[in-house]
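Peer 1: sequence and predicted structure are below.
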Amino acid sequence: MSSASQTVGPFFSIGLEHLNRNDLVVPGIAGTVVTIRGQILDGGRQPVPDAQLEIWQADAEGNYSENKCEAAGHSPAKFTGFARIFTDAEGRFAIRTIKPGSVRGIAGAGQAPHIAVFVFMRGLLKPLYTRIYFPGEAANDSDAVLSLVPADRKDTLIASVSEKTDSFEWNVMLQGPHETVFFEW
Amino acid sequence: MHDPRRYRKFAAGTQPEYLHPAYVSSVKRAPTKPLILLPHTKTETTGPVFGHSLVTAADSDLTAQHSGEPLGERIIVSGRVLDEDGHGVPDSLVEVWQANAAGRYTHKVDQHGAPLDPNFSGCGRVVTDAEGRYRFVSIKPGAYPWGNHHNAWRPQHIHFSLFGAGLLTRLVTQMYFPGDPLLEFDPIYNSTADENARRRLVAKFDWTTTERSHALGYRFDIVLRGREQTPAEK
């Protein structure tokens, strides 16, 4: 039986910041560079300044990397697909990366481009798991995971186009009418 | 190609629910709408890779990160990271953080009036060996008060963060100490309904790793989620 999860608590940054990275772009990488910005809000619509996101994504060809992750401050030579980001005092975060390609899904069907996200914070006894999808993708309509989500909640998983080129906005609403879709993982 | 084998469902009561009102911070942060049951695709069965070059010897000895020795009772925490079939998980990144002997974290928002220790940062990391073994040297963390309810105190604990083979093996937990009288009052420890699951978060005092005239040994094994068996394995 798997060990029980416990909250990261309020002081996790001292133990976890060594892996922080808000830029996954490496020299010569193939694909479109994108920036995703967002904010985490709690049930009182208050920003969450003490959250951590971990993202995991494929490269532009839809392949997951087996390259080893480097500590914060060291620039990896190769794309790893993993980043750990803390929210700032206003609950905001930003990640610069490349848009992932289509990853193989269940029964051979392709999945729409997406980024997996774990959210950790004080108050969460286990991490929340969600996904970021991209707007305007034809594959979103046939994606097996998005298809499980009620139509009126799908937009919580799809980033919106920001004013800047190749820049997207994706927020995490922990509760409320626009509560982000979280998955039982 | 076959679809990836799913990770096993968690046994009932062995994991906390998101909403645990006794832990007040969960009330405005736990999801309120139904979670969507996720198929496990390549996204979920692959995961980040961490090499042994990510950690140094000092990263696993929290008593040797400064010019002097930290105050407190020296301890050696060791054990294995296992999967649900009892196999060791090699190359698993284990990250730890904890309060000092007085119950104070080296974190700017920790307002507890206990002293900081200039010789103790309270964080470390190690990558498991081929059999899933890990070992840290540290000092026993102190209990500390928190604002959850009147006269609330956290039992002594060390935070553990782990990555296994595949994203959905991700685990953050806490290790507690045997015989701590605060355990029965702690809403975080008690957020897991199953008593056996709770007890497995309590380390065991261990003579075999206790070092004469040096440090007390505690043993703490951690189990990461396993995959469902294939029909042939059943």
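Peer 2: Great, that's in hand.

Peer 1: what's stretch A:152-159 in contact with?
Peer 2: The contact list for stretch A:152-159 (C-beta atoms under 8 Å, 6 or more residues apart in numbering or on different chains) reads A:36, A:130-135, A:140, A:146, A:149, A:168-170, A:173, A:178-181, B:33. Where you see a C-beta, it was placed from the backbone N, CA and C, and this is true even at glycine.

Peer 1: same thing but at 10 Å, please
Peer 2: Residues outside stretch A:152-159 that contact it (C-beta atoms under 10 Å, 6 or more residues apart in numbering or on different chains) are A:34, A:36-38, A:112, A:114-115, A:117, A:130-137, A:140, A:143, A:145-149, A:167-173, A:177-183, B:33, B:36.

Peer 1: now the residues you listed: which count as buried?
Peer 2: A:34, A:36-38, A:112, A:114-115, A:117, A:130-134, A:137, A:140, A:143, A:145-146, A:149, A:168, A:170-173, A:179-183, B:36 (16 or more other C-beta atoms under 10 Å in any protein chain shown).

Peer 1: what residues are up against the nearest residue to B:H52 once chain neighbours are set aside?
Peer 2: Spatially, and ignoring its direct neighbours in sequence, B:H52 is nearest to B:V127 (5.0 Å; C-beta to C-beta, 6 or more residues apart in numbering or on different chains). Contacts for B:V127 (C-beta under 10 Å, 6+ apart) come out as B:50-55, B:59-60, B:90-94, B:134, B:163.

Peer 1: tell me the one of these nearest chain A?
Peer 2: Closest approach to chain A among these (C-beta to the nearest C-beta): B:G51, at 4.0 Å.

Peer 1: helix or strand: which one has the residue in chain A that chain B sits nearest to?
Peer 2: Here chain A gets closest to chain B at one residue, A:G15, 2.7 Å apart by C-beta to the nearest C-beta. Under the criterion of DSSP states H and E, A:G15 resides in helix A:13-16.

Peer 1: pick out the residue nearest the middle of chain B.
Peer 2: Of all residues in chain B, the one closest to the mean position by C-alpha atoms, centre = their mean is B:F160, 2.6 Å from it.

Peer 1: likewise for chain A?
Peer 2: Nearest to the mean C-alpha position of chain A, counting by C-alpha atoms, centre = their mean, stands A:V117 at 3.5 Å.

Peer 1: so that residue touches A:I132, yeah?
Peer 2: Yes - with contact defined as C-beta atoms under 10 Å, A:V117 counts as touching A:I132 (6.1 Å).

Peer 1: ChimeraX command for the buried members of the contacts of B:V127?
Peer 2: The buried residues among these can be selected in ChimeraX (16+ other C-beta under 10 Å) with this line:
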select /B:50,54,55,59,60,91,92,93,94,134,163
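
Peer 1: take the contacts of B:V127 and keep only those in helices.
Peer 2: Counting by DSSP state H, none of the members of the contacts of B:V127 fall within helices.

Peer 1: where do the strands sit along chain B?
Peer 2: If DSSP state E is used as the criterion, the strands of chain B fall at B:36-37, B:49-50, B:74-82, B:93-98, B:123-127, B:133-139, B:144-146, B:152-154, B:157-164, B:166-176, B:204-205, B:216-219, B:222-223.

Peer 1: so for the residue of chain A closest to chain B, what's the pLDDT?
Peer 2: Looking at A:G15, its pLDDT stands at 97.

Peer 1: nearest spatial neighbour of it, chain-adjacent residues omitted?
Peer 2: Spatial nearest neighbour of A:G15, chain neighbours left out: B:W97 (2.7 Å); criterion: C-beta to C-beta, 6+ apart.

Peer 1: okay, now the unreliable bits of chain B?
Peer 2: With pLDDT under 70 as the threshold, chain B has low-confidence stretches at B:1-2, B:230-234.

Peer 1: next, the contact list for A:P10, please.
Peer 2: By C-beta under 10 Å, 6+ apart, the contact set of A:P10 is A:D50, A:M121, A:R122, A:G123, B:S25, B:Y105, B:H107, B:V109, B:D110, B:W146.

Peer 1: buried only: go through these for me.
Peer 2: Here, 16+ other C-beta under 10 Å leaves A:D50, A:M121, A:R122, A:G123, B:S25, B:Y105, B:H107, B:D110, B:W146 buried among the contacts of A:P10.

Peer 1: which single one of those residues is nearest to B:R225?
Peer 2: Taking C-beta to C-beta as the measure, A:M121 is the one of these closest to B:R225, at 21.1 Å.

Peer 1: quick check, that closest one in contact with A:L41.
Peer 2: No - the pair A:M121 and A:L41 does not pass the contact test of C-beta under 10 Å, sitting 11.8 Å apart.

Peer 1: beta-bridge partners for the residue of chain B found nearest chain A, please?
Peer 2: Going by C-beta to the nearest C-beta, chain A is nearest to B:W97 of chain B, at 2.7 Å. B:W97 has these beta-bridge partners by DSSP bridges: B:C123, B:H159.

Peer 1: what sits against it?
Peer 2: When contacts are counted by C-beta under 10 Å, 6+ apart, B:W97 is found next to A:8-9, A:11-17, B:62, B:105-107, B:121-125, B:141, B:158-161.

Peer 1: send me stretch B:117-126 as PDB with only the CA atoms.
Peer 2: Extracted in PDB, the C-alpha atoms of stretch B:117-126 (Å, rounded to 0.1, in the frame of the first residue of the first chain):
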ATOM      1  CA  ASP B 117      20.500  27.900  14.500                       C
ATOM      2  CA  PRO B 118      23.300  29.500  12.400                       C
ATOM      3  CA  ASN B 119      24.600  26.000  11.800                       C
ATOM      4  CA  PHE B 120      21.400  24.400  10.500                       C
ATOM      5  CA  SER B 121      19.500  25.100   7.300                       C
ATOM      6  CA  GLY B 122      17.200  22.100   7.600                       C
ATOM      7  CA  CYS B 123      17.100  20.900   4.000                       C
ATOM      8  CA  GLY B 124      18.700  18.100   2.100                       C
ATOM      9  CA  ARG B 125      18.400  15.700  -0.800                       C
ATOM     10  CA  VAL B 126      19.600  12.300  -1.900                       C
END
